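K.L.:
attaching a predicted model along with its sequence, questions to come.
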Amino acid sequence: MKTKLFLPVVLCLIAAACSTLAPDKPKPVAAKPTIRLTLLPQDTPKVGHPVMVLAKLERLQERTIVTADQLETVHTQKFHLLLVDSTMTDYQHIHPQPTKTPGVYSFTFTPKVAGGYRAWADITPVGGKEEFDMSEELGAHRAGAINKTESHSANVGGYHFTLSFDKPPVEGGESMGTIMVTDHKNNPVMTLEPVMGAYAHIAGFYDDFRTVAHMHPMGAEPTGAHDRGGPELQFHFEPARTGFVKFFAQVQIAGKDMMVPFGVMVGKASAK
C-alpha cells in the first residue's frame, strides 16, 4: 500500500438546497484547493472486513493542521467523506470524527468490492468556501471497468426510483433533475425521512474518476426528525465535463438508509 499520500482536489460545481421560491444554484467553491486530505488505513482493506482509517487535513500553503473548530457545520456535519470504488459500484458517505490528536480524524468502513476506493473530503473552512479534497486510492487499486450503461430507474429496498431531466445534461449547461419515488404498488411515497438535514443527498461521480458533484434537493428542508418529504426530489445539475456520470441518491425510508444508483451521459453543448 502506498504511504505517500494524496493528490489535490478536482473542484466541481455543487448544488445546494434552497427555498421553493428560487432555483438552487451552485455554492461558491475555492478556485483551487487549499487543504490536503491524507488517509492512513490501520490495516490492509479487505472485502467484507471493517478497517479503521485515520484522516488528516492540512493547509497546503501554511502547512498547518485543520481542526474541527476550523470547519463549518454543513448539513449537520463538519466533515463529509465520499468514497466510491474503482468500478463505481459501491458508494459510501461517511463522517470522520476528531480524535484526541488535533487535526486527525478517524472513521471505519467496510469495502464491499475489491479494487480499491477513492475518497473526497467535502468540507468548508470557517470563513472560506466549500471545497473537495481528493485522496489517492484507498486500498490496492486496480483500474475497474465502469458500467457506462445509462440507467434512469432503480429498485432498492422495495421501492422504485426514476430519474428524469427537463433537458439533456450537457457540459457547462443547466438541467433540472427529478427523482420520483413510488412503492411496489406504484403509489407515490411521501414518507422520505431527514438525512443529514435534507430529504436526500445526491452524489455524482464522473468517469475520469477525479471529478465529483454533491447535490441536495430543492424545496423546504426538514426542520425536525418527524418531518417527511416526497414523492419528488428535484435538484439542479450543472455538468462540469462531458462523459458518463454515476449518480447515487441517498435517502431514508422507515429508518432504512438506501443508496440508489443511476447512470447518466453528459453531452457536448451545441455550437451556436
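P.N.:
Cool, the structure landed.
K.L.:
pLDDT below threshold where in the stretch 51-200 of the chain?
P.N.:
For the stretch 51-200 of the chain, the stretches with pLDDT under 70 are 136, 140-143.
K.L.:
shouldn't Thr149 be in contact with Phe262?
P.N.:
No - at 10.7 Å, Thr149 and Phe262 do not qualify as touching, with contact defined as Cβ atoms under 8 Å. Placement of C-beta: from N, CA and C, glycine included.
K.L.:
please say which of these two ends up with more neighbours.
P.N.:
Neighbour count, other Cβ atoms under 10 Å: between Thr149 and Phe262, Phe262 has more, with 21 against 8.
K.L.:
the more buried one bridge partners, please.
P.N.:
Under the criterion DSSP bridges, Phe262 forms beta bridges with Phe247.
K.L.:
Met215 too?
P.N.:
On the basis of DSSP bridges, Met215 is bridged to Ile202.
K.L.:
need the pLDDT of it.
P.N.:
pLDDT for Met215: 92.
K.L.:
run a quick neighbour tally on it.
P.N.:
Applying other Cβ under 10 Å, we find 26 residues neighbouring Met215.
K.L.:
now it: how far from Lys246?
P.N.:
Per Cβ to Cβ, to the nearest Å, Met215 is found 14 Å from Lys246.
K.L.:
which residues do these two both contact?
P.N.:
Gly204 (Cβ atoms under 8 Å, 6 or more residues apart in numbering).
K.L.:
show me what contacts Ile123?
P.N.:
Contacts for Ile123 were tallied using Cβ under 8 Å, 6+ apart; they are Ile35, Leu57, Val66, Leu71, Lys78, Phe79, His80, Glu130, Glu131, Asp133.
K.L.:
the last one and Leu39 touch, don't they?
P.N.:
Yep, that's Asp133 we're talking about. No - judged on Cβ under 8 Å, Asp133 makes no contact with Leu39 at a distance of 10.6 Å.
K.L.:
the more surrounded of these two?
P.N.:
Taking neighbours as other Cβ under 10 Å, Asp133 and Leu39 compare with Asp133 leading, 27 against 23.
K.L.:
tell me what the more buried one is bridged to.
P.N.:
Beta bridges link Asp133 to Ala121 when assigned by DSSP bridges.
K.L.:
from Phe79, how far off is it?
P.N.:
With Cβ to Cβ as the criterion, Asp133 and Phe79 are 10 Å apart.
K.L.:
quick check: neighbours shared by these two?
P.N.:
The contact sets of Asp133 and Phe79 overlap at Leu57, Ala121, Ile123 (Cβ under 8 Å, 6+ apart).
K.L.:
that concludes my questions; thank you for your assistance.
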